[in-house]
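Q: Quick one: sequence and predicted model below, then my questions.
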Amino acid sequence: MQVDQLYQEIILDHYKHPHGRGLRDADDPAASVAEAHHVNPTCGDEVTVRVATDGAVLHDVSYDGFGCSISQASASVLHELLVGRPAGEAFAVHAAFVELMSGRGEVTPDEEVLGDGVAFAGVARYPARVKCALLPWMAFKDAAARAGVDTSPTEVQG
Amino acid sequence: MTTIAIPPGMPQYGDVPSYDVAAVRADFPILDRKVNGHPLVYLDSANTSHKPRQVLDVLREHYEWRNANVSRSVHTLGTEATEAYEGARAKVAAFINAPSPDEVVFTKNSTEAINIVAYAFSNASLRPDADPRFRLGPGDEVVISEMEHHSNIVPWQLLCERTGATLRWFPVTDHGRLDESGLTDLVNERTKIVSLVHMSNILGTINATSRITQRVREVGALLLLDCSQSVPHMPMDVVDYDADFIVFTGHKMCAPSGIGVLWGRAELLAAMPPVLGGGSMIEMVAMSGSTFAPPPTRFEAGTPPIAEAVALGAAVDYLSGVGMRAIQWHEKQLTAYALDALATVPELRIFGPNVPVGRGGTISFALGDIHPHDVGQVLDSLGVQVRVGHHCARPVCTRFGVPAMTRASFYLYTTTEEIDALVAGLEQVRKVFA
């Protein structure tokens, strides 16, 4: 297996130049804000994801953490894909990403839904690294639930 | 490595026992395989070692020829299985120079062996008539170190929670050595046991134990040495080390997983209450209560890992055949070579002693700020197998301010070519994450 399938250029870009990194306060003081801190005990990856929402739309998904390129790039992609999205849509993207990661490389990702997340298709072939990729996504789900968001997915609107 | 001319009459380099590494490698079938299209470069023997054909043959022969339960049958197979099992105990005892095979308790691994001692303390603490050396309560102290594997931390934390005793720690210096400067305060009249790693699984440090042993004797405490990383790699003499208990595990010394050893002084094992109750470990069972067998049987409840123990005996034979002094010297040469070679890699930082003295062939490092998972993944794509993570020694990672480390570890079959492959692989890692 070639390692460049795992370390796609897109992943390395997100790792070296993360998008939206850093935990932020909500612009709107009335927003519901919650965060979740997840760790990967086998390797020491850590990420905190914070969600600011009015319950319907995710106004901000901010994060901080440290760890391997896969976990940190995944957090950057998470931020890019989900900020400003209606919650139902965000969880449709979430479901698609989880499905891709659980697919052992057999799932063909939909770029319309997953954007840069398609670059993680190669990660699914490395069972030891799937946890790294999913870490921020699982933290996001917990944070959203704590912020009072309904975490069931709806259809993604183009 | 610099070779210094040694004056005539002194021991010469040529006097050091050695062996043919290529011949040893031929005994390990797995070393022939390829990984991701590259020859296997296995640098993870501190995690688990490979098994030579001689050990695998004994394992297979046991099941194909003398499979039976031990210590309870009058039939021929049962007798032969028991003889093989007890024969392995005698081999292990001789390997560590134990005065008697009865001082060797077979366990599942080092973790279980440490837990047996910790739970013996726990059980004794509940019985006023128990041996006072094993009774713990508030005010008593247990001493470990910052460089322990989790298996020599958590059992003592749990014991201290149950008994109200206090857990104290030897610190680690910046160079990855045990900081003994506070020895007399740390080990004192309140100390009941010092449980210390002999060779660190993460820093590679080999602890000099004599000063600590002396202090332990002065205060009347007990000493346990976690030899999981030392017994596979160097000669061990429990009489010479003057410990009270040592623990080690078979899978790191060419034997299968599922078999480990608790060695204890006969008189101490005899004073310890049982831990796991069940078959084999009893003397007499009545509805009104039970009495227990003498050690080592007292601590081997249930059917033990019979074939694994027999295979551990074969592993001990194999290692003794190569020679533990020769293995120790081979690894010392490899360590010196690797420390020099790794020093040529830009931005590489070694955790632990950076000289091949008082350390074994286990080297942990950071490569710039590239996460160890990424280092390990790229190395794997080149066939190089290293361990990444906190190595079950998280306090050491915390001590050195990193969440994880990359670790290369050597054994009797490791070659300098494999260390070259590691160094070349690290250059590749730097390119990917440049």
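A: Thanks, I have it. Numbers count the residues shown, from 1 in each chain, chains lettered A, B, ... in the order given.

Q: contacts and neighbour counts: CA atoms only from here.
A: OK.

Q: So which residues of the stretch 151-300 of chain B form strands?
A: Secondary structure of the stretch 151-300 of chain B by DSSP state E, counting those that start in this stretch: the strands cover B:166-170, B:191-197, B:222-226, B:245-249, B:260-264, B:282-286, B:289-292.

Q: could you redo these as CSV and give each row mean neighbour count, mean pLDDT and distance to B:A84?
A: Below are the strands of the stretch 151-300 of chain B laid out as CSV (neighbours: other CA atoms under 10 Å in any protein chain shown; pLDDT from 0 to 100; distance: least, CA to CA, whole Å):
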stretch, mean neighbour count, mean pLDDT, distance to B:A84
strand B:166-170, 19, 98, 41
strand B:191-197, 25, 98, 31
strand B:222-226, 24, 98, 27
strand B:245-249, 27, 98, 19
strand B:260-264, 28, 98, 16
strand B:282-286, 12, 92, 22
strand B:289-292, 12, 93, 24
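
Q: and the ones you listed as a markdown table, adding distance to A:Q5?
A: Output for these, formatted as a markdown table (distance: least, CA to CA, whole Å):
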| stretch | distance to A:Q5 |
| --- | --- |
| strand B:166-170 | 45 |
| strand B:191-197 | 41 |
| strand B:222-226 | 42 |
| strand B:245-249 | 38 |
| strand B:260-264 | 41 |
| strand B:282-286 | 58 |
| strand B:289-292 | 60 |
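
Q: Show me the shaky parts of the chain.
A: No chain in the question, so chain A it is. Applying pLDDT under 70 to chain A picks out residues A:1, A:155-158.

Q: looking at chain B here, not the other one
A: Applying pLDDT under 70 to chain B flags residues B:1-3.

Q: Among the strands of the stretch 151-300 of chain B, which comes closest to B:G37?
A: B:G37 lies closest, by CA to CA, to one member of the strands of the stretch 151-300 of chain B: strand B:245-249, at 32.2 Å.

Q: got the angle between that closest one and strand B:191-197?
A: If you take axes from the mean of the first three to the mean of the last three CA atoms, to 10 degrees, strand B:245-249 sits at 30 degrees to strand B:191-197.

Q: picking up where we left off before, same list (the strands of the stretch 151-300 of chain B) but as a markdown table, adding distance to chain A.
A: As requested, these are exported to a markdown table (distance: least, CA to the nearest CA, whole Å):
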| stretch | distance to chain A |
| --- | --- |
| strand B:166-170 | 23 |
| strand B:191-197 | 22 |
| strand B:222-226 | 22 |
| strand B:245-249 | 22 |
| strand B:260-264 | 24 |
| strand B:282-286 | 40 |
| strand B:289-292 | 40 |
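
Q: Out of those, which is closest to B:A434?
A: Across those, closest to B:A434 is strand B:191-197 (CA to CA), at 37.6 Å.

Q: Just the residues contacting the closest one, thanks.
A: Contacts to strand B:191-197, defined as CA atoms under 8 Å, 6 or more residues apart in numbering or on different chains, come from residues B:133-134, B:136, B:140-145, B:147-149, B:152, B:187, B:207, B:216, B:219-227.

Q: run the last query once more with 6 Å
A: Contacting residues not belonging to strand B:191-197 are listed as B:E141, B:V142, B:V143, B:I144, B:E148, B:A221, B:L222, B:L223, B:L224, B:L225, B:D226 [CA atoms under 6 Å, 6 or more residues apart in numbering or on different chains].

Q: pretty sure the last one is in contact with B:T249, am I right?
A: No. B:D226 is not in contact with B:T249 according to CA atoms under 6 Å; the separation is 9.8 Å.

Q: Off-centre distance for the strand or helix carrying B:V117?
A: Using DSSP states H and E, B:V117 sits within helix B:110-125. Centre-to-centre, helix B:110-125 and its host chain are 17 Å apart (CA atoms, centre = their mean, to the nearest Å).

Q: So what angle separates the directions of that helix and strand B:260-264?
A: Interaxial angle, helix B:110-125 versus strand B:260-264 (the same axes, to 10 degrees): 40 degrees.

Q: which secondary structure elements does helix B:110-125 contact?
A: strand B:245-249 (3 or more CA pairs under 6 Å, 6 or more residues apart in numbering or on different chains; DSSP states H and E).

Q: Looking at chain A, which residue is nearest chain B?
A: A:C43 (4.3 Å; CA to the nearest CA).

Q: on contacts alone, who are the packing partners of the longest helix that chain A contains?
A: Criterion DSSP state H: the longest helix present in chain A is helix A:127-146. Identification of packing neighbours for helix A:127-146 by 3+ CA pairs under 6 Å, 6+ apart yields strand A:32-40, strand A:45-53, helix A:69-82.

Q: Take those and lay them out in JSON lines including mean neighbour count and distance to chain B.
A: Formatted as JSON lines, the helices and strands packed on helix A:127-146 follow (neighbours: other CA atoms under 10 Å in any protein chain shown; distance: least, CA to the nearest CA, whole Å):
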{"stretch": "strand A:32-40", "mean neighbour count": "19", "distance to chain B": "10"}
{"stretch": "strand A:45-53", "mean neighbour count": "26", "distance to chain B": "7"}
{"stretch": "helix A:69-82", "mean neighbour count": "26", "distance to chain B": "7"}
